[in-house]
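>>> sequence and computational prediction follow.
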Amino acid sequence: MTTQKKGGSLHVDRVYPHAPETVWRTLTDAELLGRWLMPNDFRPELGHAFTFETEPGPGFDGIVRCEVLAIDPPRSMTWSWRGGPLDTVVTFEVEPHDDGARLVVHHTGFRGAKGRLVQWILGIGNRTLYRKRLPQVLAELEGDNARRPAAPSACMSPWQRVLIFLTGWLPGRRRPS
């Protein structure tokens, strides 16, 4: 898996040993999406406004407000992604690969110091999302794993929360003395 942080963006490029249709399903089925990302009210329809919900954090009410900006089943989909200090865009691209399906994710628009800090924190979280949670859901869908993964309760790990606290990123508040 490749995860790159460039300028104001995150990029994930990963090949999964599963059919492209199965990977697409995990991106567009609200229940499956909730099992590897966050609980949501997503529908794969152009213009659909939806939310992800997770535990609140410093400067973040726990709600990510999104809208489907573009969708080309079963190849690509783009969402707006707004929460806390973020007003970004996420694009998912799925394509056939000799070993299954290639998923490329572009998360762009991280601006300013707060945006770059969140970019860094999300980059850490992407390792868990795309290396563990999504592969577990994919394996279960194709019968490779009898154990159903639990839905994530938070998009930020305890480690990520500590990083936010230690860096003093508390919008509208001063760093604790």
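Yes, it's here.

>>> the residue nearest to the spatial centre of the chain and residue 99, how far apart?
What sits nearest the mean C-alpha location of the chain, by C-alpha atoms, centre = their mean, is residue 37, with 5.9 Å. Between residue 37 and residue 99 the computed distance is 23 Å (C-beta to C-beta, to the nearest Å). Using the backbone N, CA and C atoms, a C-beta is placed for each residue, glycine as well.

>>> name the helices or strands packed onto the longest strand seen in the chain?
Determined from DSSP state E, the single longest strand within the chain is strand 86-97. Applying 3 or more C-beta pairs under 8 Å, 6 or more residues apart in numbering; DSSP states H and E, we find strand 86-97 packed against helix 20-28, strand 76-83, strand 100-108, helix 112-128.

>>> what sits up against it?
15, 20, 23-24, 27, 69-70, 74-82, 101-111, 115, 118 (C-beta atoms under 8 Å, 6 or more residues apart in numbering).

>>> what inclination does that strand have with respect to helix 112-128?
Interaxial angle, strand 86-97 versus helix 112-128 (axes from the mean of the first three to the mean of the last three C-alpha atoms, to 10 degrees): 30 degrees.

>>> strands paired with strand 86-97, and their directions?
Applying DSSP bridges, strand 86-97 is found paired with strand 76-83 (antiparallel), strand 100-108 (antiparallel).

>>> where are the low-confidence patches of this structure?
1-6, 144-177 (pLDDT under 70).

>>> so who does residue 107 touch?
Contacts of residue 107 (C-beta under 8 Å, 6+ apart): 9, 10, 11, 81, 88, 89, 90, 119, 122.

>>> can we see that at 10 Å?
By C-beta atoms under 10 Å, 6 or more residues apart in numbering, the contact list for residue 107 reads 5, 8-12, 79, 81, 86, 88-92, 119, 122-123, 126.

>>> please apply the same query to residue 82.
51, 63, 64, 65, 66, 67, 88, 89, 109.

>>> now swap in residue 30 and tell me
39, 40, 41, 42, 43, 44, 50.

>>> taking those together, which two end up most distant?
39 and 44 (16.7 Å; C-beta to C-beta).

>>> can I get the contacts of residue 82 in JSON lines including neighbour count?
Below are these laid out as JSON lines (neighbours: other C-beta atoms under 10 Å):
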{"residue": "51", "neighbour count": "16"}
{"residue": "63", "neighbour count": "15"}
{"residue": "64", "neighbour count": "24"}
{"residue": "65", "neighbour count": "15"}
{"residue": "66", "neighbour count": "22"}
{"residue": "67", "neighbour count": "14"}
{"residue": "88", "neighbour count": "24"}
{"residue": "89", "neighbour count": "17"}
{"residue": "109", "neighbour count": "16"}
